[in-house]
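>>> Sequence unavailable; structure follows:
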């Protein structure tokens, strides 16, 4: 049996070829603000989040509020949303 692993971004791209998704493999927290700077947050239309710790979840939530970005969060504490 062949196991096929498909990332979420490839799955979504299959349905919408015009979507722009960035897969990042780094901690989303204040210590990485050289990457997660103002330009990063301002470039987003919305945020889909599934982090595994409270520190990162709070950071993303605060940034989304500050930059007025809708957030769909499905991580450590379960599904939550704000806009």
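Sure thing, it's come through. Just so it is clear, the structure is predicted and the values come from calculations on it, not from any experiment.

>>> For residue 63, grab the count of nearby residues.
20 (other CB atoms under 10 Å). (C-beta placed from N, C-alpha, C; glycine too.)

>>> what's residue 67 in contact with, if anything?
For residue 67, the contact set (CB atoms under 8 Å, 6 or more residues apart in numbering) comprises 38, 41-42, 44.

>>> just residue 43 next, same as before
Residue 43 neighbours (CB under 8 Å, 6+ apart): none.

>>> For residue 70, see how far away it is.
Going from residue 43 to residue 70 by CB to CB, to the nearest Å gives 14 Å.

>>> now swap in residue 19 and tell me
Relative to residue 70, and taking CB to CB, residue 19 is found at 16 Å.

>>> okay if I get the contacts of residue 67 as TSV plus pLDDT?
Converted to TSV, the contacts of residue 67 look like this (pLDDT from 0 to 100):
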residue	pLDDT
38	96
41	95
42	96
44	91
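
>>> so which of those residues comes closest to residue 12?
Proximity of the contacts of residue 67 to residue 12 (CB to CB) peaks at residue 44, which lies at 15.3 Å.

>>> Hmm, residue 49 and residue 72 touching each other?
Yes - Residue 72 lies in contact with residue 49 (CB atoms under 8 Å); the separation is 6.9 Å.

>>> Can you list the low-confidence ranges for the protein?
Confidence mapping of the chain against pLDDT under 70 gives the ranges 1-7, 23, 75-83.

>>> mind listing the strands for it?
Using DSSP state E, the strands of the chain run over 47-49, 71-75, 78-82.

>>> I'd like to know how far the spatially closest residue to residue 61 that is not a sequence neighbour sits from residue 10.
In this structure, residue 61 finds its nearest non-sequential neighbour in residue 71, 6.4 Å apart by CB to CB, 6 or more residues apart in numbering. According to CB to CB, residue 71 stands 23 Å off from residue 10.
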